[in-house]
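[1] What shape does this take:
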Amino acid sequence: MSVAYAPKGLVGVFTPQANTTVEPEMALMTPPGMAFLNARMTSTAGTITERLVDYMGQFPAQLSQFANAPLDVVAIACTGASYLIGKDAEDVLLKQISDKAGGPAITGATASLAALSALGAKRIGLVSPYNSALDAESAGYWRSRGLDVVAEVSAYRETEEFHPIYSLDAAAAAKALKELEGEDLDAVLMLGTGMPTLDAIAAQPFLGKAPVLSCMLCLGWHAAALVDPKFDGKAGLLDWVRGGIWKEALRRSRGVVA
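    Just a heads-up that it's a prediction; the model follows:
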């Protein structure tokens, strides 16, 4: 079924309730001929960790937000929840969502795993926006998925702003990334879907020989690759890392005229 603004594919994105990064970065990364619809995951739980778990507990019923829209991919723009429920529960849940939606379902974490697999990357460095408690869960998750977490650096800071992650500015990821210089890495992964990362990747797509990824970059790439094979594989991913699809749009969004 063709959709006027999405003749090549339609992605249904689920975004945490206060996240201010997912929609702007998805808009920049969505290839011509594709489009995305967005739904918000909401929770009244009192803490970040409780909300993350609650978000995932609401699936697959959450799909009702899209009714019978002809989605080609369901993309859950969240990584913290994956750490907390663990890989086995995540895999089961994605299978349930996929069965109900009639197409592939991914999270920010599984999209990142797909990207690391395409690169053949095992030794990774993490750039984290999380506090220490969620950092420990994060490292454990990536190790449970067969990766060697060689180094971790943090962009987290205490703040009086509305949210410690979503209020990070575009420079936070770039500043933390520099702390990984000199590490022997196959890839860098900047975590979360709330920390803005495209500016940092545009400025430094490789740290030495290691491609610089983020969970949002990977989510956009994997959703596109599941719809159009030309984006799939190592070559397609590396072009994505270099900004082949999104870099010019990012420049325009910053008021930079080529």
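
[2] Please count neighbours and contacts with C-alpha atoms only from this point.
    OK.

[3] Quick check: which element contains residue 69?
    Residue 69 is part of no helix or strand, with elements assigned from DSSP states H and E.

[4] how close does residue 206 sit to residue 12?
    30 Å (Cα to Cα, to the nearest Å).

[5] who has more neighbours, those two?
    residue 12 (23 against 17; other Cα atoms under 10 Å).

[6] which SS state does that one fall under?
    strand (DSSP: H, G, I helix; E, B strand; the rest coil).

[7] Make sure it is actually in contact with residue 67.
    No: applying Cα atoms under 8 Å, one finds residue 12 not in contact with residue 67, separated by 10.9 Å.

[8] Who's the closest spatial neighbour of residue 228, skipping the chain neighbours?
    residue 8 (7.7 Å; Cα to Cα, 6 or more residues apart in numbering).

[9] For the stretch 1-150 of the chain, which segments count as strands?
    Ranges of strands in the stretch 1-150 of the chain, per DSSP state E, counting those that start in this stretch, are 9-16, 34-41, 73-76, 105-107, 123-128, 148-154.

[10] Lowest average pLDDT across the ones you listed?
    The minimum mean pLDDT among these belongs to strand 148-154 (a mean of 90).

[11] now that one and strand 123-128, what's the angle there?
    20 degrees (axes from the mean of the first three to the mean of the last three Cα atoms, to 10 degrees).

[12] Strand 148-154 pairs with which strands?
    Sheet pairing of strand 148-154 (DSSP bridges) gives strand 123-128 (parallel).

[13] Output the partner strand as CSV, nothing but the C-alphas.
    Below are the C-alpha coordinates for strand 123-128, written out as CSV (Å, rounded to 0.1, in the frame of the first residue of the first chain):
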residue,chain,number,x,y,z
ARG,A,123,35.8,-3.8,21.0
ILE,A,124,33.7,-0.8,21.7
GLY,A,125,34.0,2.5,23.6
LEU,A,126,30.8,3.9,25.1
VAL,A,127,29.9,7.6,25.5
SER,A,128,27.2,7.7,28.1
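
[14] Run the chain-centre distance for the helix or strand harbouring residue 234.
    Using DSSP H and E, residue 234 maps to helix 233-241. Helix 233-241 sits 16 Å away from the centroid of its parent chain (Cα atoms, centre = their mean, to the nearest Å).
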